[in-house]
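In: requesting a structural model of the entry that follows:
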Amino acid sequence: MTTRLRTAHTADLTPAELHAARALLDAAFAGHFDDHDWEHGLGGIHALVHDDAGLAAHGSVVMRRMRHRGRWLRVGYVEAVGVRPDARRSGHGGRVMGALERVVDRAYDLGALSASEDGARLYGTRGWQVWPGRISALSPDGPVHLRDEEGDLHVWPALAGPLDPAHELLFDWRDGDVL
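Out: Numbering: from 1, shown residues only. Coordinates of the predicted model:
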């Protein structure tokens with residue numbers, strides 16, 4: 001079976017490619033991927049793996065802002081990573097992550113993502129680290145502690161210097177799941 005990896009900005013994907021990516025994610029998450037989740041994955045760089053049967057895997061990285069130790073950082077936030085159910089355990093998720101990690105390394109101060117239990121295994125083997133500290137977001141009404149998200153957030157080694165878990169990560173706000 002031949003596979004092909006493509007990276008492209010959202011603006012460079014055709015409506016058919018976007019439709020295929022959304023359909024793949026709906027299947028990969030068994031109906032637990034909503035419109036907010038889809039919106040969170042748009043506006044950045046997508047990594048798409050195609051095999052002989054079509055789109056096999058997808059992921060994207062978008063820019064978010066995060067404050068740590070009084071400094072606002074540019075975060076490459078990984079979103080919408082999924083593999084077609086019949087194509088799992090074929091290395092496609094790793095290929096997607098390799099492409100996205102390259103983008104994070106070259107364009108952002110650090111990377112971050114919120115992981116499911118299944119995804120956490122993949123991310124951990126690739127060097128993503130669970131954030132052990134406090135997580136908050138700057139809502140329209142001020143900072144909100146995201147206690148339920150703690151333990152699910154993974155960070156990619158920071159180019160901006162080491163992160164200190166004694167100081168919280170404060171993310172920008174967005175509709176739907178904040179992280």
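In: helices or strands up against the longest helix along the chain?
Out: What stands out as the longest helix in the chain, according to DSSP state H, is helix 92-107. Contact partners of helix 92-107 among helices and strands, from 3 or more CB pairs under 8 Å, 6 or more residues apart in numbering; DSSP states H and E: strand 4-9, strand 45-51, strand 54-68, strand 71-83, strand 110-114, helix 117-125, strand 153-156. (C-beta placed from N, C-alpha, C; glycine too.)
In: and the residue nearest the centre of the protein?
Out: Val78 (1.6 Å; CA atoms, centre = their mean).
In: returning to that earlier point: buried residues, the longest helix of the chain. List them.
Out: For helix 92-107, burial by neighbour count (16 or more other CB atoms under 10 Å) applies to 92-93, 95-97, 99-101, 103-104.
In: then it to CSV, C-alphas only?
Out: Output of helix 92-107 as CSV, limited to C-alpha atoms (Å, rounded to 0.1, in the frame of the first residue of the first chain):
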residue,chain,number,x,y,z
HIS,A,92,-0.2,7.2,10.2
GLY,A,93,-0.7,9.0,13.5
GLY,A,94,3.1,9.2,13.9
ARG,A,95,3.5,10.6,10.4
VAL,A,96,0.9,13.3,11.1
MET,A,97,2.6,14.2,14.4
GLY,A,98,6.0,14.3,12.9
ALA,A,99,4.8,16.8,10.3
LEU,A,100,3.1,18.9,13.0
GLU,A,101,6.0,18.8,15.4
ARG,A,102,8.2,20.1,12.6
VAL,A,103,5.9,23.1,12.2
VAL,A,104,5.8,23.7,16.0
ASP,A,105,9.6,23.5,16.2
ARG,A,106,10.1,26.1,13.4
ALA,A,107,7.2,28.5,14.0
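In: what's next to that helix, contact-wise?
Out: For helix 92-107, the external contacting residues (CB atoms under 8 Å, 6 or more residues apart in numbering) are 3, 5, 7, 45, 47-49, 51, 56-61, 74, 76, 78, 81, 83, 110-111, 122-123, 126, 156, 159.
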